[in-house]
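*Asks:* Sequence and predicted model, in that order:
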Amino acid sequence: MDGSDFIRQRQVCLARSLSAEQVQQACATLRGVKGIRAAESIGSHRLHLEYSLEDLTFELVEALLKELGYPLDRNLFSMLRRGIYQYLEDTALEKLQVEDHEQSLVCDIDEELPHDEPEKYWHKYR
């Protein structure tokens, strides 16, 4: 299997209450995560991600966004999309024989970005 078998492109819908600047900050933060190849804003509250399943899953990316204070859109379509992404990734991980323990979040957070650092959770990502 070549490396392209592990690459996924996904769309993340953030809460509409976030400003365009906050969406840009979320992109910049995600670019510092090991395994994320690209993170771009594609609208007022949507992100386009390209990442490798060898390093992380969509579920881990969403958990990081929530923990850093970037809430996800909770409309029905977004929730359905997340469910489909999770099913597809679970199937792909099983097929590609990637174990959960092989995946973890490794981040290089840009100190210039304004963000809250909840110490009781953040230690898991360093």
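*Replies:* That came in fine, so what should we check first?
*Asks:* what mean pLDDT does the lengthiest helix in the chain have?
*Replies:* What stands out as the longest helix in the chain, according to DSSP state H, is helix 76-96. Averaged across helix 76-96, pLDDT comes to 92.
*Asks:* Burial check on the nearest residue to Ala20 once chain neighbours are set aside, number of neighbours?
*Replies:* Among residues not flanking Ala20 along the chain, Ser44 sits closest, at 6.0 Å (Cβ to Cβ, 6 or more residues apart in numbering). Quick note: C-beta positions are derived from backbone N, CA and C, even for glycine. When neighbours are defined as other Cβ atoms under 10 Å, Ser44 has 11 of them.
*Asks:* for Gly35, same thing?
*Replies:* Neighbour tally, Gly35, other Cβ under 10 Å: 20.
*Asks:* Which residue ranges of this protein form helices?
*Replies:* Ranges of helices within the chain are 20-31, 58-67, 76-96, 119-122, based on DSSP H.
*Asks:* Figure out how far the first one is from the centre of its chain.
*Replies:* The one in question is helix 20-31. 11 Å (Cα atoms, centre = their mean, to the nearest Å).
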